[in-house]
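A.B. asks: Need coordinates for the following:
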Amino acid sequence: MSHHTIAADLLARIRSKSAKAAVIGLGYVGLPLGMSIARAGFTVMGFDIDASKIDAIDARKSYIEAVPDHILEAECEAGRFSATTDFLQLADYDVIAICVPTPLTRHRDPDLSYVENTCRQISRSLRPGQLIVLESTTYPGTTEEVVKPILETSELRAGEHFFLGFSPEREDPGNREFETSTIPKVIAGDGAEASAMMAAFYGAVVKTIVPVSSTATAEAVKLTENIFRAVNIALVNELKLVYDAMGIDVWEVIDAAKTKPFGYMPFYPGPGLGGHCIPIDPFYLTWKSREFDQPTRFIELAGEINTAMPHHVVEKLAEALDRKAGKALSRSRVLVMGLAYKKNVPDIRESPSLRLMELILERGAEVSYFDPFIAEIPKTREYSHLKGRRSVEWSEDNLSSFDAVLIATDHDTVDYQTLADWCPLIVDTRNTFARRQISGQTVIKA
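C.D. replies: This next block holds a predicted model:
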C-alpha cells in the first residue's frame, strides 16, 4: 500500500471520527485531553504506568479537578473512554497523543527520559497508518531530532508509513474560564499530510486551531508563552525588592499602573515560581540555544531572580520574628499557609512552599503547613524528606501556638479574618490581607 493511500485512509477515518485515539499519560494534561477527545465523538483509550490512576478511572472517580466525576462517568459509561496499563494495546489506535512529563535534571538540563521511554514503547507496536503527536513541552527540534528517530527504529518511516505532529498543551489548573476544548490549540505536522491530519483531528476536538509551519515552530510557541511570564514575574519580583528598600508598596504601584488601558499588563510578585511550566520551560530554550552559540541573558537572569525569592522571603520572616516577637527564627515555630503552587488547586508541582519549608528547616526552626486541598505531602523528586508531613488541624489552639504564619499560597477558602484574630504574627507574600482589607495583630508584607 502506498504512503498516499495510507495517509488518505487515516485522514478519512479521522474526519469520520471512526479513528480511535490513545492518550499516553493521564495527568493534568492527558486526562482532560482524553475527555475532550471522547466528548468530540472519538473512542479513546488512556494509557498510564500508574495503576492507581487506572483504578480510579475504573471506579469513575476523577483525580483531576478539571475533570468532574460526572463527565468521567458519562464518557466511560458511553464506551468512549477507558484506561489501561497495557501498552501493547497501542497498535489498535490510530492517533496517539503523548502527554508525559518533561522535567529538568539537577543541572537544569532537559530530562526527556519520559518522552524517550514512551516513544520506545510505541515503536514496539507501531504500524502503518498511525499519527503520533507529542504534547509535552520541550525544546525546538525534539519531535524531529528525538521522537522521530526512536519511532523509526521500528523500520517504519515517518511521512511514509506513520505520521508525526506536535501540539503544545495549554492547561491552566484552577482556571474555570477555560477548558481544553475552548483554549486555542497550536498545531503542526511533519509534512503536508501530517499537517492535514493534525488539523482534522484537533479541529474536531477544540473550537479553534492555530496551525504553524513546522513542529519546531510549535515547540517554540509554548516556550515563548512561558518565558514571557517568567521574565515579567522576575521583573516585578526585582521591583518589589527595590521598592521595599524605598518604602514603596509594589502592590499599590501595580494596582495603579494597571489602570492604564494600553501598553501595560499586570504581573505580580510572589515567594517564588511554581507549577509544571514557568519554572522549567525557559531552561529548555537556554539549553538548546547553546547548540547555536546564542546567549539567553534575559532568561537566565529571570531564573536567578525567581529562584532567589524564597531566600528573600525567609529573610523577611527572620527579620519580622526578631523585630516583632523578639525571637530568633532558629527558636521559632512557623506555619506555612498554602502548599500548592497556586491558589485553589491541589497541585504542588515545583511549589515554592516546599522550598520555603526546606529553608526554614535549614535555619533550625520547626515548620508545619496548612492547606485545605493537600492533606499530606506526597513523594516529590527534590523534597523526599518532607514526604508524609500532614496539614495541621484548623483550630485556634493549633494556629495560635505558632510564632509566625507565612502566607505562601492564598487559597480563597481560608478564613483570613479568623487567621488574623488567632495568630500574633503573619508574613504575607501574596498581599492577601490588604486585598481583602483585613487587619491583623501584626501583618507584614514580604
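A.B. asks: For my notes, confirm Cys119 occurs in a helix.
C.D. replies: Yes. Using DSSP: H, G, I helix; E, B strand; the rest coil, the assignment for Cys119 is a helix.
A.B. asks: Over to the closest residue to it other than its chain neighbours. Which of the three states is it?
C.D. replies: Excluding the flanking residues, the one nearest Cys119 by CB to CB, 6 or more residues apart in numbering is Ile150, at 4.0 Å. Quick note: C-beta positions are derived from backbone N, CA and C, even for glycine. The local conformation at Ile150, judged by three-state DSSP, is helix.
A.B. asks: ok, Ile150 touching Thr118?
C.D. replies: No. Ile150 lies out of contact with Thr118 (CB atoms under 8 Å); the separation is 9.1 Å.
A.B. asks: Who has more neighbours out of these two?
C.D. replies: Neighbours per residue, other CB atoms under 10 Å: of Ile150 and Thr118, the larger number sits with Thr118, 26 against 17.
A.B. asks: Report the separation between that one and Ser289.
C.D. replies: According to CB to CB, to the nearest Å, Thr118 and Ser289 sit 26 Å apart.
A.B. asks: Ok, Glu252 next?
C.D. replies: Counting by CB to CB - Glu252 and Ser289 are separated by 37 Å.
A.B. asks: Settle it for me: which of those two has more neighbours?
C.D. replies: Higher neighbour count among Glu252 and Ser289: Ser289, with 15 against 12, using other CB under 10 Å.
A.B. asks: what's the nearest residue to the more buried one if we skip its chain neighbours?
C.D. replies: Nearest one to Ser289, counting by CB to CB, 6+ apart, is Thr296 at 5.1 Å.
A.B. asks: Give me the neighbour count for the nearest residue to Glu396 once chain neighbours are set aside.
C.D. replies: Nearest non-adjacent residue to Glu396, counting by CB to CB, 6+ apart: Trp422, 5.1 Å away. Using other CB under 10 Å, Trp422 has 21 neighbouring residues.
A.B. asks: With Thr296 instead?
C.D. replies: Burial of Thr296 is recorded as 18 neighbouring residues (other CB under 10 Å).
A.B. asks: check contacts around it.
C.D. replies: Counting by CB atoms under 8 Å, 6 or more residues apart in numbering, Thr296 makes contact with 282, 285-286, 289.
A.B. asks: ok, of the residues you listed, which come out buried?
C.D. replies: Buried members of the contacts of Thr296, counted by 16 or more other CB atoms under 10 Å: 282, 285-286.
A.B. asks: Please identify which of the residues you listed is nearest to Asp412.
C.D. replies: Closest approach between the buried ones among the contacts of Thr296 and Asp412, by CB to CB: Pro282, at 28.8 Å.
A.B. asks: so where does that closest one fall, helix or strand?
C.D. replies: helix 281-289 (DSSP states H and E).
A.B. asks: still on that earlier bit, pull up the gap between the residue nearest to Cys119 and Leu90, please.
C.D. replies: For Ile150, the distance to Leu90 - CB to CB - is 14 Å.
A.B. asks: just to revisit the earlier point, where is pLDDT lowest across the contacts of Thr296?
C.D. replies: Scanning those for pLDDT, the low point is Pro282. It has 88.
A.B. asks: Now for that residue: which residues touch it?
C.D. replies: Shown in contact with Pro282 (CB under 8 Å, 6+ apart): 223, 226-227, 230-231, 296, 299, 302-303.
A.B. asks: now, which of those lie within helices?
C.D. replies: With DSSP state H as the criterion, helices contain 223, 226-227, 230-231, 299, 302-303 from among the contacts of Pro282.
A.B. asks: Reformat these as JSON lines; add pLDDT.
C.D. replies: What follows is these, written out as JSON lines (pLDDT from 0 to 100):
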{"residue": "Leu223", "pLDDT": "95"}
{"residue": "Asn226", "pLDDT": "92"}
{"residue": "Ile227", "pLDDT": "94"}
{"residue": "Ala230", "pLDDT": "93"}
{"residue": "Val231", "pLDDT": "94"}
{"residue": "Ile299", "pLDDT": "91"}
{"residue": "Ala302", "pLDDT": "92"}
{"residue": "Gly303", "pLDDT": "90"}
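A.B. asks: which one of these sits closest to Pro378?
C.D. replies: Asn226 (24.3 Å).
A.B. asks: Count the residues that sit near that closest one.
C.D. replies: By other CB under 10 Å, the residues close to Asn226 number 21.
A.B. asks: That one contacts Tyr284, doesn't it?
C.D. replies: No. Using CB under 8 Å as the test, Asn226 is too far from Tyr284 to be in contact (9.4 Å).
A.B. asks: Many thanks, I have nothing further to ask.
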